[in-house]
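Q: Here is a sequence together with a model predicted from it:
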Amino acid sequence: MPSFAAALRGCTVAVIAELKRRSPSKGAINEALDVPARAVEYEAAGAAALSVLTEPARFGGSLDDLRAARSVARVPLLRKDFIVSRLQLLEARAAGASAVLLIARALPPERRTALADEACALGLDVLLEVRDEGELEHALRVEHAVIGINNRNLETLAIDDAVSARLMPLVPGNRTAVYESGVNSRADVERAAAIGADAVLVGSSLSSSEDGGAATAALVGVPRRTRG
């Protein structure tokens, strides 16, 4: 599988383009989403990696979406779901994922570490998502994890980009850091670059766009800045 972590360390801020049909915060986004067609559009427009929602109840996703994306995409795929078990890691690998999302808020510290280690043993990269200093401190001990900083409060669903502004400078320059939630325009990518993001994960604004390729192309190419 192509390396998710390596794909995020180019000269420009990498765009992780997401495929999702709906979300708890926005409701229906694109219920008729054609995963293979949209995956091809994203990749052709310069997306460094794709994020595929596989959670069915709140996001309308499935492992079939991951398989469909893998059938056409050459770039790395992130399985985005509420991962809590080794079985889900095995599913992700079998369906063609290069990486999985682990949400610090949803897992006790020792479980985060165990799942990250199990993912690594299976050849999967890990995007370890945090929202505060304590979660970040622990995440940085997982040496092989990509650090995701989510501006969305998972309890209230509100977005506050001050979260990334506060935490991003605390991520050492030799680690890969992803700015998550609240990216809708090139100006948003530039703002993420200014605080040292290596990549941005872009969800609803791309999935809801009528032209996924044009929407992605508008976000790529922002120079990445050295952090720390």
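A: Received the coordinates, thanks.
Q: So what touches stretch 169-184?
A: 5, 8-9, 16, 127, 129, 133, 136, 140, 146-152, 159, 161, 164, 168, 188-189, 192, 195-203, 205, 219, 226-228 (Cβ atoms under 8 Å, 6 or more residues apart in numbering). For glycine as for every other residue, the C-beta is placed from the backbone atoms N, C-alpha and C.
Q: got the buried residues for that stretch?
A: 170-171, 175-183 (16 or more other Cβ atoms under 10 Å).
Q: likewise stretch 196-211?
A: In stretch 196-211, counting by 16+ other Cβ under 10 Å, buried: 196-207, 209.
Q: And for stretch 10-24?
A: 12-23.
Q: Let me have those residues in a markdown table, extended by distance to Ala104.
A: Formatted as a markdown table, these follow (distance: Cβ to Cβ, whole Å):
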| residue | distance to Ala104 |
| --- | --- |
| Thr12 | 27 |
| Val13 | 23 |
| Ala14 | 21 |
| Val15 | 23 |
| Ile16 | 18 |
| Ala17 | 23 |
| Glu18 | 19 |
| Leu19 | 23 |
| Lys20 | 21 |
| Arg21 | 25 |
| Arg22 | 24 |
| Ser23 | 20 |
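Q: Just those: which are in strands?
A: Using DSSP state E, the subset of the buried residues of stretch 10-24 located in strands is 14-19, 22-23.
Q: any idea which of the residues you listed is least confident?
A: When these are compared by pLDDT, Ser23 scores lowest at 85.
Q: my guess is that residue meets Ser204, correct?
A: Yes - using Cβ atoms under 8 Å, Ser23 is in contact with Ser204, at 6.4 Å.
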